[in-house]
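**Q** quick one, structure for this:
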Amino acid sequence: MKKLSIISVCILLLVQLGCAKKVLAVPGEVKATAFAPAIPVLKGMEQNPVLRVGVFIPADLPQQDFRKINMTVNSGALADIEKIQFYLTGAEPFNAQQLITSVQPTATQMEVPVSLKLNPGAHFIWVSVQLKPTASLQGNIEISAKKLISANGKNIMIAEPAGPFVKFKGSAVRKANDDGVHTYRIPGIITTNKGTLLSVYDIRYKNTADLPGNIDVGLSRSTDSGKTWQPMKVIMDMGAPHENNGVGDPAILFDPITKKIWVAALWSKGNRSIAGSLPGISPDTTGQFVLVSSDDDGLTWSAPYTITPQIKNPKWHLFFNGPGSGIAMQNGKLVFAAQYWDEVKKPYSTIIYSEDHGKNWVGNVNGPKSNTTESQVVETTPGTIMLNMRDNRGSYRSVATTSNMGVSWTEHATSYNALQDPVCMGSLIKARVKVKGVLKDVLFFSNPNTTNGRYNMTIKASLDLGETWLPANQILVDERNGYGYSSLTQIDAETIGILYEGTRDLYFVKVPVAAIIK
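**A** Numbering: from 1, shown residues only. Now for the predicted structure:
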């Protein structure tokens, strides 16, 4: 055999290596992955973006031509869905600008026709659901994308990592610009003995700003557990001039003995809200703690009247309720959470109460901790009130208890360490619900579950009346940014309702107790 020179061998090796490189240089593969944001599907909203399919096409591939998307929908949702819409975006945030197609599902398995010619790079297909006006709030929505099918019949399987693909259903109780109103804010909700849901809120006619301004208190009423809501009713309007004569920050309370409903709010006659309120009693100098009531399950309401002379220390700059809901104690006393701004305008959370079902009210109760404002109350054990407070120091909620109606307070072991909070209003209720088939008193708490930023609206449960809040017993309802306020109510032994703020909107969602308590 003829021997090869060293130079020849080197040349041969280089040629072989070059060929190997060409063999190994396999073009990249198209990848597709599904992501499900934690949001509910809301009646009354045109878009509910429940699923995002990310498609990545490597630079060394040609344009891809997709003709079908293979989808699945749970059978229980078919009757409730008006349509499923598909949008294409070149970036991750959802927008409804480029509609690909829209279908009404008739079966749990679908191959949705599309025409998608996608160049190399990242693309996002958003799947959005619109519910029928007649849709039930029972059950869930679950939509999955299984594969993309190209023009030549090739299947691109869509990876589906673990995530909240099962969605709660709810309704948009109030949307920005409904009835010509710019913004709806500050929710409160209760359930009456007849099962009626009564929700109250700020009607902010012209802008998003707090008091003072042109604000009234509105009410929405539902007699079918939130499936439908009757037309909005204005239940607090302090009359002309409407500008800088507003009333807002409502809280609602149901008295199970008299069956009367009470709503408390702050009236600012001129600049008499937090910034401009002064010591004194008169509406011309200080903000007013006002009430209205209903004796007919929320159908009609009394005229607003002030109880400020009964309950306010004249040295304080301001005294008004904490928004959300109040309670009736086992001994019949009615209690609203409240807040006062003292002689040097330092805020404190506190309470007011009535021992005669609202005929008279007791206030001027010192609060447990300074620099706390919007709070909520529950009666943990007979005669013991827990006050859960927004703490302006940030990061956590502060908590205190009293067994003598606020004469003295004890800071709770969970205070400023157990419930994280981004300096926002939160909701706290006690409900007797079924836990694994057994009726039990449980505390439920809702807020944006962060220390900075109003997003991740979450419901948490405490099975030991607030002594501990285990991470396992919570559910993320809505991960989106919003204004952050919320209010909870018990629907029945197996369901909790939450009314919470989007951005200028108010949403209601029914959440099974079993989804919160694992």
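
**Q** would you confirm that Q310 belongs to a helix?
**A** Yes - counting by DSSP: H, G, I helix; E, B strand; the rest coil, Q310 is found in a helix.

**Q** could you check how many residues crowd around the nearest residue to R272 once chain neighbours are set aside?
**A** The shortest distance from R272 to any non-neighbouring residue, by CB to CB, 6 or more residues apart in numbering, is to G287 (4.5 Å). The way it works is simple: take the backbone N, C-alpha and C, and place the C-beta from them, glycine included. Neighbour count of G287, defined by other CB atoms under 10 Å: 30.

**Q** all helices for this structure, in order.
**A** Here the chain has its helices, by DSSP state H, at 6-24, 308-311, 513-516.

**Q** quick check: nearest residue in space to I496, chain neighbours excluded?
**A** Using CB to CB, 6+ apart, the closest residue to I496 is V511 (5.2 Å).

**Q** who touches the residue nearest to I125 when sequence neighbours are not counted in this structure?
**A** Using CB to CB, 6+ apart and skipping residues adjacent in sequence, the residue nearest I125 is V53, 4.3 Å away. Shown in contact with V53 (CB atoms under 8 Å, 6 or more residues apart in numbering): 32-35, 69, 124-127, 145, 148, 158.

**Q** and D210, by the same measure?
**A** 248, 273-274.

**Q** for K43, see how far away T402 is.
**A** As defined by CB to CB, to the nearest Å, T402 lies at a distance of 41 Å from K43.

**Q** neighbour-wise, which of those two wins?
**A** Applying other CB under 10 Å to T402 and K43 shows that K43 carries more neighbours, namely 26 against 20.

**Q** tell me the confidence at the more buried one?
**A** pLDDT, K43: 98.

**Q** burial of A91, as a residue count?
**A** Count around A91 with other CB under 10 Å applied: 9.

**Q** ignore the last one, G322
**A** G322: 28 neighbours (other CB under 10 Å).

**Q** what's the nearest residue to it if we skip its chain neighbours?
**A** With CB to CB, 6+ apart, the residue lying closest to G322 is A337, at 3.5 Å.

**Q** list the contacts for that neighbour?
**A** Neighbours of A337 in contact, by CB under 8 Å, 6+ apart: 251, 321-322, 324, 326, 349-351, 374-377, 387.

**Q** picking up where we left off before, worst average pLDDT in the helices of the chain?
**A** helix 6-24 (a mean of 36).

**Q** what ranges does the stretch 351-500 of the chain have for its strands?
**A** Under the criterion DSSP state E, counting those that start in this stretch, the stretch 351-500 of the chain carries strands at the ranges 372-379, 385-391, 395-396, 398-402, 410-411, 420-421, 427-435, 438-448, 457-462, 474-478, 486-492, 495-501.

**Q** dump the ones you listed to TSV, plus mean pLDDT.
**A** Listed next are those as TSV, based on pLDDT from 0 to 100:
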stretch	mean pLDDT
strand 372-379	98
strand 385-391	98
strand 395-396	98
strand 398-402	98
strand 410-411	98
strand 420-421	98
strand 427-435	98
strand 438-448	98
strand 457-462	98
strand 474-478	98
strand 486-492	98
strand 495-501	98
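
**Q** so for H317, which of the ones you listed sits nearest?
**A** Smallest distance to H317 across the strands of the stretch 351-500 of the chain (CB to CB): 13.0 Å, for strand 372-379.

**Q** name the helices or strands packed onto the closest one?
**A** strand 324-325, strand 327-328, strand 334-341, strand 347-354, strand 385-391, strand 427-435 (3 or more CB pairs under 8 Å, 6 or more residues apart in numbering; DSSP states H and E).

**Q** give me whichever of these is most buried.
**A** Burial among those, expressed as mean neighbours by mean count of other CB atoms under 10 Å, is greatest for strand 324-325, which shows a mean of 31.

**Q** beta partners of T372?
**A** The partner list for T372 in beta bridges (DSSP bridges) reads D391.

**Q** OK, contacts around it?
**A** 339, 347-349, 389-392, 398.

**Q** relative to I274, how far out is it?
**A** Counting by CB to CB - T372 and I274 are separated by 14 Å.

**Q** hmm, back to that, drop anything exposed from the contacts of V53.
**A** 32, 34, 69, 124-127, 145, 148, 158 (16 or more other CB atoms under 10 Å).

**Q** in strands, which of the residues you listed fall?
**A** Among these, the members falling in strands are 32, 34, 69, 124-127, 145, 148, 158 (criterion: DSSP state E).

**Q** list the contacts of G139.
**A** G139 neighbours (CB under 8 Å, 6+ apart): 76-77, 80, 169.

**Q** just curious, which of these is nearest to I141?
**A** So of the contacts of G139, ranked by how close each gets to I141 (CB to CB), first place is A77, at 4.7 Å.

**Q** could you check how many residues crowd around the residue nearest to that closest one when sequence neighbours are not counted?
**A** Distance criterion CB to CB, 6+ apart; nearest residue to A77, sequence neighbours excluded, is I141 at 4.7 Å. Close neighbours of I141, defined as other CB under 10 Å, add up to 22.

**Q** got it, and A515?
**A** Around A515 there are 16 residues (other CB under 10 Å).

**Q** could you shift the numbering so residue one becomes 623, and keep it that way?
**A** With the count now opening at 623, the last piece we talked about shows up as A1137.

**Q** so what's it closest to, chain neighbours aside?
**A** I1097 (5.1 Å).

**Q** quick one, what contacts the closest residue to N1010 other than its chain neighbours?
**A** Excluding the flanking residues, the one nearest N1010 by CB to CB, 6+ apart is L1050, at 4.5 Å. L1050 makes contact with 998-1000, 1008, 1010, 1065-1067, 1110 under the criterion CB under 8 Å, 6+ apart.

**Q** recalculate using a threshold of 7 Å.
**A** 998, 1000, 1010, 1065, 1067 (CB atoms under 7 Å, 6 or more residues apart in numbering).

**Q** ok, the third one - contacts?
**A** Shown here is N1010, whose contacts under the criterion CB under 7 Å, 6+ apart are 997-998, 1019, 1021, 1048, 1050.

**Q** let's have these in CSV, adding distance to S1084.
**A** Below are the contacts of N1010 laid out as CSV (distance: CB to CB, whole Å):
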residue, distance to S1084
S997, 17
Q998, 14
R1019, 12
V1021, 11
G1048, 13
L1050, 10
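
**Q** ok, the closest residue to A1115 other than its chain neighbours to F1067 distance?
**A** Once flanking residues are discounted, A1115 sits nearest to K1056: 4.8 Å by CB to CB, 6+ apart. Using CB to CB, we find K1056 at a distance of 19 Å from F1067.

**Q** flag the shaky bits of the protein, pLDDT-wise.
**A** Along the chain, the parts satisfying pLDDT under 70 run over 623-649.

**Q** okay, now the domains of it?
**A** Annotated domains of the chain cover 653-789, 797-1138 [automatic domain parsing].

**Q** deepest-packed of the ones you listed, please.
**A** domain 797-1138 (a mean of 20).

**Q** could you tell me the end-to-end distance of that one?
**A** End-to-end span of domain 797-1138 (CA to CA, to the nearest Å): 27 Å.

**Q** right, and L721 touches Y709 too?
**A** Yes - using CB atoms under 7 Å, L721 is in contact with Y709, at 5.8 Å.

**Q** identify the residues contacting stretch 863-873?
**A** Residues contacting stretch 863-873 (CB under 7 Å, 6+ apart): 808, 810, 822-824, 833-839, 858, 860, 885-893, 912, 926, 942-948, 958.
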